[in-house]
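Peer 1: Sharing a sequence plus its predicted fold:
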Amino acid sequence: EIYLPHSSAGAALSVFSRFFHNNGISPRRNSTRFQIAVYQKNMEVQSLVSYTARRTRPAMHPCQQCKRLKRRCDRELPECSLCTRNHRPCEYPPGSMPASPKEAQLSSGILLDIPINRFPATYFFDRRVFNDCHMSIERGHLPPSSVALNDWTSTDEIRQIANKYFASVHLWFPIMNRSKFYGSFLHGSVEADVEISLLAMCMQLLGSRSSDGLQALDTVYISIRQAFVQLEQAGVLNITVLQALLLTALYEIGNGIYPAAYLTIGHCARYAVALDLDREILNWNHDASDWVVMEEKHRAWWAVLILDRYINIGCPRRALCTPDPIQLQYLPMADDDWNQGTRINGPPHRLSTPVEVKMGKFARLAQATHLLGRVLRHIRDPTTDEAFLLEEREALDRALRSLLLLTVDEEMADTDTAFCSPMALLGRPLF
């Protein structure tokens, strides 16, 4: 039997000290064995508390005796405390018994199955222990009937959606590899891969107009939002879900769905940091066989930075969810090489690369985002030195105009309209 004191500190001292004493573990907090034992015992305590909470759910309505006497009923089961003290029969009206989690979900009509979350909490509690013990993140189990995403009749339907997406949105927001996406559903089961199915629905939401109008689109959007909750409860954490979140944020921005758009971008930022993308952006391994995945991570992080700064243009004094990029960060590789799956010779350009160097369109958008972030930081700067602020303002103005003129020249030489994105970001702080 485990005694759980009211305070969390007392609970940890009481439970863990008894556990270590009984198992002969010396409580040296710097030892890996100690931290593993703390994690395992913490999981047992959480399971016990969860079990106790399930067994002690109160009745939904007061008992008939307390209601008749107008007394406060604690709704304990099988008899309330007042009736037990007074030695009188305690009866509850029909429909007072608490519903089980399964029954509550069925009655709500939202969740049909309970996702199984096997995500290791040590990943967030102590990354060193997670790495030293060679622990891994298991793929979360999500019951197929828990989300309404499996309505695809064939791979041809997804191919048509993908073709339309890659011919439109992908031109100015290329965060996915075309070959990798096509291969993911051609060589696998879309019905079994909820993440790929969710990503396809987000692509459909961005690039299609329903004949039923906004009501049908809203139905798809609500299904997507519910799917994100399901995946989070199932402990799913991967780049595919982040890409779906980014596309959902684009839809919310384009349709003026606020504050959902602002909150979704914050969700993207937290999700990307959980995937270590803020550190992956500083790494590039040319010999890696999974260079496509590495570049997708770089582009996903830049996409989060882009949306985080764009959403704050109208309110520049609002704090950003992501830090300012540093000069050592890698820029996205050339878009033509990215779309064709061509491995580049050497690492991509860094943020410190001069703007005069020719680079891809998404890299230009990343450079424009960096300048926009500097403008937002300048506006939020509490410095009262007028001379410093004036000098910084003039330097930012020169940098913005220089990159804007270069972008216009590159656009005139190319029939593609993808350069409208950096032009929009650069033009807003100037005008």
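Peer 2: Structure's in. What do you need? Residues are numbered from 1 along each chain as shown.

Peer 1: List the buried residues of the helix or strand containing residue 365.
Peer 2: Secondary structure from DSSP states H and E places residue 365 in helix 361-380. The neighbour-count check on helix 361-380 (16 or more other Cβ atoms under 10 Å) flags 361-376, 378 as buried. C-beta coordinates here come from the backbone N, C-alpha and C atoms, glycine included.

Peer 1: Also stretch 262-271?
Peer 2: Buried residues in stretch 262-271, counted by 16+ other Cβ under 10 Å: 262, 264-269, 271.

Peer 1: Just the ones of those in helices?
Peer 2: Of the buried residues of stretch 262-271, the ones assigned to helices by DSSP state H are 262, 264-269, 271.

Peer 1: I'd like the residues you listed laid out as JSON lines, including distance to residue 316 and pLDDT.
Peer 2: What follows is those, written out as JSON lines (distance: Cβ to Cβ, whole Å; pLDDT from 0 to 100):
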{"residue": "262", "distance to residue 316": "14", "pLDDT": "95"}
{"residue": "264", "distance to residue 316": "20", "pLDDT": "96"}
{"residue": "265", "distance to residue 316": "15", "pLDDT": "96"}
{"residue": "266", "distance to residue 316": "17", "pLDDT": "96"}
{"residue": "267", "distance to residue 316": "22", "pLDDT": "96"}
{"residue": "268", "distance to residue 316": "20", "pLDDT": "96"}
{"residue": "269", "distance to residue 316": "18", "pLDDT": "96"}
{"residue": "271", "distance to residue 316": "24", "pLDDT": "96"}
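
Peer 1: Out of these, the closest to residue 134 would be?
Peer 2: Closest to residue 134 out of these is residue 271 (24.3 Å), distances taken as Cβ to Cβ.

Peer 1: How much space separates that closest one from residue 277?
Peer 2: Noted for residue 271: a distance of 9 Å to residue 277, by Cβ to Cβ, to the nearest Å.

Peer 1: Need the residues touching each of these two.
Peer 2: Common neighbours of residue 271 and residue 277, counting by Cβ atoms under 8 Å, 6 or more residues apart in numbering, are residue 242.

Peer 1: quick check, residue 293 in a helix?
Peer 2: Yes - inclusion of residue 293 in a helix is indicated when DSSP: H, G, I helix; E, B strand; the rest coil is applied.

Peer 1: now, which of the ones in helices among the buried residues of stretch 262-271 sits nearest residue 126?
Peer 2: Using Cβ to Cβ, those come closest to residue 126 at residue 271, 20.4 Å.

Peer 1: Enumerate every residue touching residue 343.
Peer 2: Applying Cβ under 8 Å, 6+ apart, we find residue 343 in contact with 291, 337.

Peer 1: Against residue 284, how distant is it?
Peer 2: Residue 343 sits 12 Å away from residue 284, going by Cβ to Cβ.

Peer 1: List the buried residues for the helix or strand where residue 227 lies?
Peer 2: Using DSSP H and E, residue 227 falls within helix 214-233. By neighbour count with 16+ other Cβ under 10 Å, helix 214-233 contains the buried residues 217, 220-221, 223-224, 226-228, 230-233.

Peer 1: Against which helices or strands is it packed?
Peer 2: helix 194-207, helix 239-254 (3 or more Cβ pairs under 8 Å, 6 or more residues apart in numbering; DSSP states H and E).

Peer 1: Recalculate using a threshold of 6 Å.
Peer 2: Contacts defined by 3 or more Cβ pairs under 6 Å, 6 or more residues apart in numbering; DSSP states H and E place helix 214-233 against helix 194-207.

Peer 1: helices or strands up against the helix it packs on?
Peer 2: Using 3+ Cβ pairs under 6 Å, 6+ apart: helix 194-207 touches helix 155-166, helix 214-233, helix 239-254.

Peer 1: and the direction of the helix ranked longest in the chain versus that of helix 361-380, what angle?
Peer 2: Counting residues, the longest helix found in the chain (DSSP H) is helix 386-412. Relative orientation of helix 386-412 and helix 361-380, computed by axes from the mean of the first three to the mean of the last three Cα atoms, to 10 degrees: 160 degrees.

Peer 1: Distance check, residue 273 against residue 380.
Peer 2: 21 Å.

Peer 1: cool, residue 268 as well?
Peer 2: The value you get for residue 268 to residue 380, if Cβ to Cβ is used, is 21 Å.

Peer 1: And for residue 318?
Peer 2: Using Cβ to Cβ, we find residue 318 at a distance of 9 Å from residue 380.

Peer 1: just to revisit the earlier point, mind putting the buried residues of helix 214-233 into CSV with distance to residue 348 and pLDDT?
Peer 2: Converted to CSV, the buried residues of helix 214-233 look like this (distance: Cβ to Cβ, whole Å; pLDDT from 0 to 100):
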residue, distance to residue 348, pLDDT
217, 37, 59
220, 35, 83
221, 34, 89
223, 37, 86
224, 32, 90
226, 37, 87
227, 33, 87
228, 31, 91
230, 35, 84
231, 30, 87
232, 32, 87
233, 36, 83
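
Peer 1: right, and out of the residues you listed, which lies closest to residue 292?
Peer 2: Closest to residue 292, out of all of those and judged by Cβ to Cβ, is residue 231, at 22.7 Å.

Peer 1: Neighbours of the nearest residue to the closest one once chain neighbours are set aside, how many?
Peer 2: Spatial nearest neighbour of residue 231, excluding adjacent residues (Cβ to Cβ, 6 or more residues apart in numbering): residue 241 at 5.7 Å. Using other Cβ atoms under 10 Å, residue 241 is surrounded by 20 other residues.

Peer 1: go on, residue 347?
Peer 2: 12.

Peer 1: can you confirm it is in a helix?
Peer 2: No - secondary structure of residue 347 (three-state DSSP): coil, not part of a helix.

Peer 1: Next, give phi and psi for it.
Peer 2: Main-chain dihedrals, residue 347, degrees, to the nearest 10: phi -70, psi 160.
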